[in-house]
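Need coordinates for the below:
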Amino acid sequence: QVQLVESGGGLVQAGGSLRLSCAASGGTFLNYAMGWFRQAPGKEREFVGAVGRRSDITFYEDSVKGRFTISRDNAKSTVYLQMNNLKPEDTAVYYCAAGRTGPWSIPRSGHEYDSWGQGTQVTVSS
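Prediction:
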């Protein structure tokens, strides 16, 4: 299994931007689809979006579509979550996850992912 380390969280005003990074090690990065999840206080973890093993295959939940962009740099074994036009309801701990899948798959459920990062806090003030 790969090990994942997120970075880039912080405090930002509504309308601002943040970019989260998730660095993978200990596995073959190309074998994994990479997903982002978030969990707000008192709420269940929710899927945000993912990029498949092919960098041109992505999926986003409706709540972030058009504002968030997921990309991967296979040379650096890193996946990114660019978050623009942030809203207070985006406040959560963000987790990246890695799931071994076929080349065309986008896992959307947490149980389809094998490895998880420790999470990074994103706080959006109004």
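
Show the contacting residues for residue 95.
Residues in contact with residue 95, defined by CB atoms under 8 Å, 6 or more residues apart in numbering, are 6, 36, 37, 38, 39, 45, 116, 117, 118, 119. C-beta: built from backbone N, CA, C; applies to glycine.

try 10 Å
Contacts for residue 95 (CB atoms under 10 Å, 6 or more residues apart in numbering) come out as 4, 6, 20, 22, 35-39, 45, 48, 110, 113, 116-120.

Would you mind listing which of these are buried?
Buried members of the contacts of residue 95, counted by 16 or more other CB atoms under 10 Å: 4, 6, 20, 22, 35-38, 48, 110, 113, 116-117, 119-120.

Show me these that map onto helices.
Among the buried ones among the contacts of residue 95, no residue falls in helices (DSSP state H).

Now do the residue nearest the centre of the chain against residue 102, distance only.
Most central in the chain under CA atoms, centre = their mean is residue 36, positioned 2.4 Å from the mean C-alpha point. Using CB to CB, to the nearest Å, we find residue 36 at a distance of 20 Å from residue 102.

That concludes my questions; thank you for your assistance.
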